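J.: I'd like to go over a predicted model; first the sequence, then the structure.
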Amino acid sequence: MTVLGQLAASIPSPDQHTWHLGPVPIRAYALAILAGIVVAVWMTMRRWKARGGDPDDVLEIAFWAVPFGIVGGRIYHVVSTPDPYWGENGDPVSALYIWEGGLGIWGAVALGAVGAWIGCRRLGVRLSTFADALAPGLLVAQAIGRLGNWFNQELFGAPTELPWGLEIDVAYLPVDPATGLQYAEGTLFHPTFLYEMLWNLAAAALLIWLDRRYRLGHGRVFWAYVVIYTLGRVWIEMLRIDTAEMVLGMRLNVWTSLVVGLGALVAFVVVGRLHPGREDGVSLPGSTVEPDADAQTETDGDHAGTAQAVADEDTTDTTDTEASAAGPDQDPAPRA
């Protein structure tokens, strides 16, 4: 396929990633992260309410989890990709420039969990239950956040001749490690941002289905999220050609995904054996926190409906038994 033929079927990169509102820069990367956070909070509020919690709890917990997550994500990125900051010709100060891109998911999840734990403790609710409510929204937030990589023309994969190859401007073309020269203009690359977007959205839908089908609880939705996400991250990460720390011939993020994914799988199985089913309510044992009134009303209504159905069934069974005892020519004893 010729270069012109490739470009005709390729994915273009945006020609701009920053706009200015007067002296204030508006960056696509930041907008993508913020949009992801908003959607994740909205989804989590709905799922938290369905579990009997107060939707406002999510805002309180996010107040702690989001800043912790951003800091953790940046720390992990800087540690796992140190050359631009500490290597030759590196700029340590640029490690603070979060708006230029670079948030590692594992640092964000790890430190974000610390912030979420603080928020949950202050509210007297279970962290594991909150994590279950959060997991699908977290995947959707990650998918939306990948749009920032597309605008920044970063974190793409190796060259490809596939019709959905990604166009990259000359200014962002990397060096071919085989030749030591910059890739030629017109070279197309794997759109790994798109691969991860689609994987995460499909994973979010799968988590919601699994949760409804099997009524997962005690953190099992979150552990399933980690397992599914790491499966995708391994093969997507192996396509990327951006600078990264290598360990035993593989990128650090590949090893991290393998180790974390295996640990999450073990946790999913162990928790399922120790705590099958879903927990009752969202509060910690001994907590005085009251569940959300609307959610409690819905739950009470379900319980009342179930009790009435059982009562009707018992009445029917009693009537049938009386009719049988009376015989074919006798009326059953009257009900009081």
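T.: Sure thing, it's come through.
J.: What residues sit buried inside stretch 144-151?
T.: For stretch 144-151, a neighbour-count test (16 or more other CB atoms under 10 Å) marks 144-151 as buried. Just so you know, the C-beta spots here come from the backbone N, C-alpha and C atoms, and that holds for glycine as well.
J.: Just the residues you listed: which are in helices?
T.: If you go by DSSP state H, the buried residues of stretch 144-151 have 144-151 in helices.
J.: which SSE is residue 132 in?
T.: helix 127-152 (DSSP states H and E).
J.: One more: residue 88?
T.: Short version, using DSSP H and E: residue 88 is in no helix or strand.
J.: Find the residue closest to residue 172 in space, skipping its chain neighbours.
T.: Leaving aside its sequence neighbours, residue 172 sits nearest to residue 153 (CB to CB, 6 or more residues apart in numbering; 4.2 Å).
J.: One more: residue 104?
T.: residue 76 (3.2 Å).
J.: following the helix or strand containing that neighbour, which helix or strand shows up next?
T.: Applying DSSP H and E as the criterion places residue 76 in helix 55-80. Using DSSP H and E, the helix or strand that directly follows helix 55-80 along the chain is helix 83-86.
J.: Quick check: of the buried residues of stretch 144-151, which lies closest to residue 122?
T.: residue 145 (26.9 Å; CB to CB).
J.: contacting residues for the closest one?
T.: Going by CB atoms under 8 Å, 6 or more residues apart in numbering, residue 145 touches 32-33, 36, 103.
J.: Could I get the full set of strands for the chain?
T.: 18-21, 24-27, 166-167, 188-189, 246-247, 250-251 (DSSP state E).
J.: How far does the last one sit from its chain's centre?
T.: Taking the mean of its C-alpha atoms, strand 250-251 sits 23 Å from the chain's own mean (CA atoms, centre = their mean, to the nearest Å).
J.: what do you get for the third one?
T.: On the basis of CA atoms, centre = their mean, strand 166-167 is displaced by 26 Å from the centre of the chain it belongs to.
J.: need the contact list for residue 256.
T.: Contacts of residue 256 by CB under 8 Å, 6+ apart are 80, 106.
J.: Distance of it relative to residue 104?
T.: 9 Å (CB to CB, to the nearest Å).
J.: quick one: common contacting residues for these two?
T.: In terms of CB under 8 Å, 6+ apart, residue 256 and residue 104 are both contacted by the residues residue 80.
J.: Could you verify my assumption that the residue nearest to residue 104 touches residue 108?
T.: Yes - if you go by CB atoms under 8 Å, residue 76 and residue 108 touch, sitting 7.2 Å apart.
J.: closest to residue 225 out of the strands of the chain?
T.: Here strand 250-251 is closest among these (CB to CB), at 21.7 Å.
J.: care to break this structure down by domain?
T.: What automatic domain parsing lists as the domains of the chain is 3-274, 292-327.
J.: Lowest average pLDDT across those?
T.: Among the domains of the chain, domain 292-327 carries the lowest mean pLDDT, a mean of 45.
J.: Residue 76 and residue 108: who's more crowded?
T.: Under the criterion of other CB atoms under 10 Å, the comparison of residue 76 against residue 108 puts residue 108 first, with 26 against 23.
J.: got a list of what that one touches?
T.: Here residue 108 is in contact with 69-70, 72-73, 76 (CB under 8 Å, 6+ apart).
J.: Just among the residues you listed, which is most surrounded?
T.: Most crowded among the contacts of residue 108, counting by other CB under 10 Å, is residue 69 at 26 neighbours.
J.: Just confirm that one contacts residue 105, I think it does.
T.: No - Residue 69 is not in contact with residue 105 according to CB under 8 Å; the separation is 9.4 Å.
J.: just the ones in helices among the buried residues of stretch 144-151 now: which is nearest residue 83?
T.: Taking CB to CB as the measure, residue 149 is the one of these closest to residue 83, at 18.4 Å.
J.: my guess is the closest one meets residue 193, correct?
T.: Yes - Residue 149 is in contact with residue 193 according to CB under 8 Å; the separation is 4.4 Å.
J.: if I look at these two, which residues touch both of them?
T.: 155-156.
J.: Make CSV from the contacts of residue 145 and add neighbour count to it.
T.: Listed next are the contacts of residue 145 as CSV, based on neighbours: other CB atoms under 10 Å:
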residue, neighbour count
32, 22
33, 23
36, 22
103, 21
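J.: From the buried residues of stretch 144-151, pick the one nearest residue 277.
T.: Closest to residue 277, out of all of these and judged by CB to CB, is residue 144, at 32.1 Å.
J.: Without its sequence neighbours, what residue ends up closest to the closest one?
T.: Closest to residue 144 by CB to CB, 6+ apart is residue 36, at 3.8 Å.
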